[in-house]
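K.L.:
using only what follows, build the 3D model:
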Amino acid sequence: MAKVFGAVVIDTDRCKGCDLCVVACPKDVLELNAREVNDRGYHYACAVHSDACIGCANCAVVCPDGCIEVYRTVEK
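P.N.:
A predicted model of the protein is given here:
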């Protein structure tokens, strides 16, 4: 059976820290960065457990600003 891996790419400069992607992730891959802010003054989302990503793209679908891209690879 093939194993699916995902990779999340977040445009941290455009992220406004709405937390929708964090809630939508079934594997708890994303968190808001509590220590740093972007140029606009928002705590941005970051992938802290990127090895757990399954590439479902729920985070990218719910992002209102289109800041997230998800790439999927399959290992056979």
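K.L.:
so what's K76 up against?
P.N.:
Contacts for K76 (CB atoms under 8 Å, 6 or more residues apart in numbering) come out as A2. Quick note: C-beta positions are derived from backbone N, CA and C, even for glycine.
K.L.:
what pLDDT does it get?
P.N.:
Among the per-residue scores, K76 holds a pLDDT of 76.
K.L.:
now do the contacts for G17.
P.N.:
Listed by CB under 8 Å, 6+ apart, the contact set of G17 reads L32, Y42, H43, Y44, A45.
K.L.:
so which of the residues you listed is the most crowded?
P.N.:
A45 (28 neighbours; other CB atoms under 10 Å).
K.L.:
phi and psi next, for that residue.
P.N.:
With angles defined as degrees, to the nearest 10, A45 sits at phi -80, psi 150.
K.L.:
surely it is in contact with V9?
P.N.:
No: assessed by CB atoms under 8 Å, A45 is found out of contact with V9, at 11.2 Å.
K.L.:
can you say which helix or strand has C59 in it?
P.N.:
Using DSSP states H and E, C59 sits in helix 58-62.
K.L.:
which of the residues in the following helix or strand past that helix are buried?
P.N.:
As assigned by DSSP H and E, the chain's next helix or strand after helix 58-62 is strand 68-75. For strand 68-75, a neighbour-count test (16 or more other CB atoms under 10 Å) marks I68, V70 as buried.
K.L.:
cool, and stretch 14-31?
P.N.:
Across stretch 14-31, burial judged by 16+ other CB under 10 Å covers 14-18, 20-22, 24-25, 29-31.
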